[in-house]
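A.B. asks: what follows is a predicted structure for the sequence shown.
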Amino acid sequence: MIPAPYFLALAAIVFLIAMFGFLTRKSLIQAILCLELMLTAVNLTFITFGRTVGDPAHTGVVFALFTMVVGAAEIGLGLALVLLFFRRHANVEADELDLLRG
Amino acid sequence: VGTFTTGAWILFGMLSAVIISFSLLMLFSRNFVHSTAYLAATLMAFAGVYALLDATFLAMLQVFIYAGAITVVVAFVVMMTRTGVSRYSELLQPQIRGVAAVVVLLGFGLLNVLAGIAPLLGAPKPAPMTEDIAIALMGTHGAAFEISSLVLLAALIGAIYLAKEADR
């Protein structure tokens, strides 16, 4: 197998790219896409550690599975919120969320 | 064994290049449909990386759930919102330097952690088969498994409630 640090480095790079996108994108849909990418990068970390630690309960892989469950739940709710937002503002830009601006 | 390792390295390099370049393309594309397509390609490449880690079951799930279902759902929402293109050119936002600084700092922190744990990681253990994962999921992690189904149910009901709000 390719040494684990390479997989961890790849996961870290993708996580940072996605985090940069999440913090700079103004459209809610692209923010959600970046969120999914962050979850996937973390999944890669879980699987790599699961492979190197060799836990008898396979916690690495099982954690990755639960991350997928949470990711699926998150995308469903997030996109429902985006649809709701679109009905009220006729666009999906986060800059429209200025109700609490002083 | 030697040729297999070389092949694995080539595959890993190609997959990494695809993942990093397509995630950057996803980031800097202002068209939502393009963004979604780039994300689908990135997630497919991730499935390949999982397969390189011998996590074949997760690679399959990655293709089904992430590259398949989630991408389709996002594509539907893009169609339903009919906005298509972001109004803003985000690279001109004033806060982008601050965000870039935070990301670079976090990158150095992660590099530090990676350098710290790299010597502690031993040789890889045998990868669990699907059967082993199923036994662990139903045995040790049984409670978490049941709760995760509740999480999905709650998310389903919540999504329907939110999406139907305008009709009430």
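C.D. replies: Yep, that arrived.

A.B. asks: use CA for all of it now, contacts and neighbours both
C.D. replies: OK.

A.B. asks: and stretch A:64-74, how far out from the chain middle?
C.D. replies: In terms of CA atoms, centre = their mean, to the nearest Å, the centre of stretch A:64-74 is found 10 Å from the chain centre.

A.B. asks: CA-only coordinates of it in PDB, if you can.
C.D. replies: What follows is stretch A:64-74, C-alpha atoms only, in PDB (Å, rounded to 0.1, in the frame of the first residue of the first chain):
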ATOM      1  CA  ALA A  64     -16.700   6.900   7.500                       C
ATOM      2  CA  LEU A  65     -20.100   5.200   7.000                       C
ATOM      3  CA  PHE A  66     -21.700   7.400   9.700                       C
ATOM      4  CA  THR A  67     -20.100  10.500   8.100                       C
ATOM      5  CA  MET A  68     -21.900   9.500   4.900                       C
ATOM      6  CA  VAL A  69     -25.200   9.200   6.800                       C
ATOM      7  CA  VAL A  70     -24.700  12.700   8.300                       C
ATOM      8  CA  GLY A  71     -23.600  14.100   4.900                       C
ATOM      9  CA  ALA A  72     -26.800  12.700   3.300                       C
ATOM     10  CA  ALA A  73     -29.000  14.200   6.100                       C
ATOM     11  CA  GLU A  74     -27.100  17.500   5.800                       C
END
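
A.B. asks: residue nearest the centroid of chain B?
C.D. replies: Centrality entry for chain B: nearest residue to the mean C-alpha point is residue B:43, 5.8 Å, by CA atoms, centre = their mean.

A.B. asks: for the closest residue to that residue other than its chain neighbours, which residues are in contact?
C.D. replies: Nearest residue to residue B:43 in three dimensions, chain neighbours excluded: residue B:67, at 5.5 Å (CA to CA, 6 or more residues apart in numbering or on different chains). Contacts here follow CA atoms under 8 Å, 6 or more residues apart in numbering or on different chains; on that basis residue B:67 touches B:39-41, B:43-44.

A.B. asks: please, which helix or strand holds residue 20?
C.D. replies: All of this refers to chain A. According to DSSP states H and E, residue A:20 maps onto helix A:4-24.

A.B. asks: chain B, not that one
C.D. replies: Using DSSP H and E, residue B:20 falls in helix B:2-28.

A.B. asks: report the buried residues of the helix or strand that comes right after that helix.
C.D. replies: Using DSSP H and E, the helix or strand that directly follows helix B:2-28 along the chain is helix B:32-52. Judged by neighbour count (16 or more other CA atoms under 10 Å in any protein chain shown), helix B:32-52 contains these buried residues: B:32-50, B:52.

A.B. asks: now do helix B:32-52: which elements does it pack against?
C.D. replies: Using 3 or more CA pairs under 8 Å, 6 or more residues apart in numbering or on different chains; DSSP states H and E as the contact test, the elements touching helix B:32-52 are helix A:28-53, helix B:2-28, helix B:56-61, helix B:71-81.

A.B. asks: ok, 7 Å please
C.D. replies: helix B:2-28, helix B:56-61, helix B:71-81 (3 or more CA pairs under 7 Å, 6 or more residues apart in numbering or on different chains; DSSP states H and E).
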